[in-house]
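Novice: okay, predicted coordinates and the sequence, questions at the end:
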Amino acid sequence: MSLVPFGFGPWRSDVFDPFPLDVWDPFQGFPFAFSCEASAFAAARVDWKETPEAHVFTADLPGLRKEEVKVDVEDGRVLQISGERNQEREEKADTWYRVERSSGRFLRRFPLPENAKVEQVKAAMENGVLTVTVPKEGVTVPNVKSVHISG
């Protein structure tokens, strides 16, 4: 059953289909151009965690290559992750039935704390997941010496 009430808009309602593929778009038919696909990709999901040694940012960027992603540190204290996914070229002979993958540019900015070593930022990308590591200043690794117990 659809979550959209029967008769509300030009969507089919099939009471026997528990998982309909029709999604209600509240902006459909508006006179201005509003792209839900571009805005969906614009909000790239990023996790930020702090470990004892560093601040770690993890971004899900499926389908992007590392050449399409850019990581910068602006103004000495702002981490910026940006990129762009281009829309697939439309061929005249192709018939499209559904376009759900998002495309467009994205930009995320994070103010870094005072203890961040911005000159030592490292980034790696594997399987569409970008990991940016920003080491922290003043992290001391304790020098632990094992003492032999006699007896």
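Specialist: That came through fine. Residues are numbered from 1 along each chain as shown.

Novice: from Gly128, how far out is Ala54?
Specialist: Ala54 sits 22 Å away from Gly128, taking C-beta to C-beta, to the nearest Å as the criterion. C-beta here means a position set from N, CA and C on the backbone, and glycine is covered the same way.

Novice: more neighbours, those two?
Specialist: It is Ala54, of Ala54 and Gly128, that has more neighbours when counted by other C-beta atoms under 10 Å, with 19 against 12.

Novice: now do the strands in the protein.
Specialist: Residue ranges of the strands in the chain, as given by DSSP state E, are 46-50, 54-60, 69-74, 78-85, 104-111, 122-126, 129-135.

Novice: can I get the ones you listed in CSV with distance to Trp96 and mean pLDDT?
Specialist: Formatted as CSV, the strands of the chain follow (distance: least, C-beta to C-beta, whole Å; pLDDT from 0 to 100):
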stretch, distance to Trp96, mean pLDDT
strand 46-50, 30, 95
strand 54-60, 25, 96
strand 69-74, 27, 94
strand 78-85, 17, 91
strand 104-111, 17, 90
strand 122-126, 29, 95
strand 129-135, 29, 96
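
Novice: which one of those strands lies closest to Ile149?
Specialist: When the strands of the chain are compared by C-beta to C-beta, strand 54-60 sits nearest Ile149, at 35.2 Å.

Novice: now the angle from the closest one to strand 78-85?
Specialist: Between strand 54-60 and strand 78-85, the angle comes out at 20 degrees (axes from the mean of the first three to the mean of the last three C-alpha atoms, to 10 degrees).

Novice: Asn86 against Arg101, yeah?
Specialist: No. Between Asn86 and Arg101 there is no contact under C-beta atoms under 8 Å: 11.2 Å.

Novice: more neighbours, these two?
Specialist: Between Asn86 and Arg101, counted using other C-beta under 10 Å, Arg101 has the larger neighbour count: 13 against 9.

Novice: the more buried one and Trp48, how far apart?
Specialist: For Arg101, the distance to Trp48 equals 26 Å [C-beta to C-beta].

Novice: give the burial count for Phe106, as a bare number.
Specialist: Phe106: 21 surrounding residues under other C-beta under 10 Å.

Novice: who does it form a beta bridge with?
Specialist: For Phe106, the beta-bridge partners are Gly83 (DSSP bridges).
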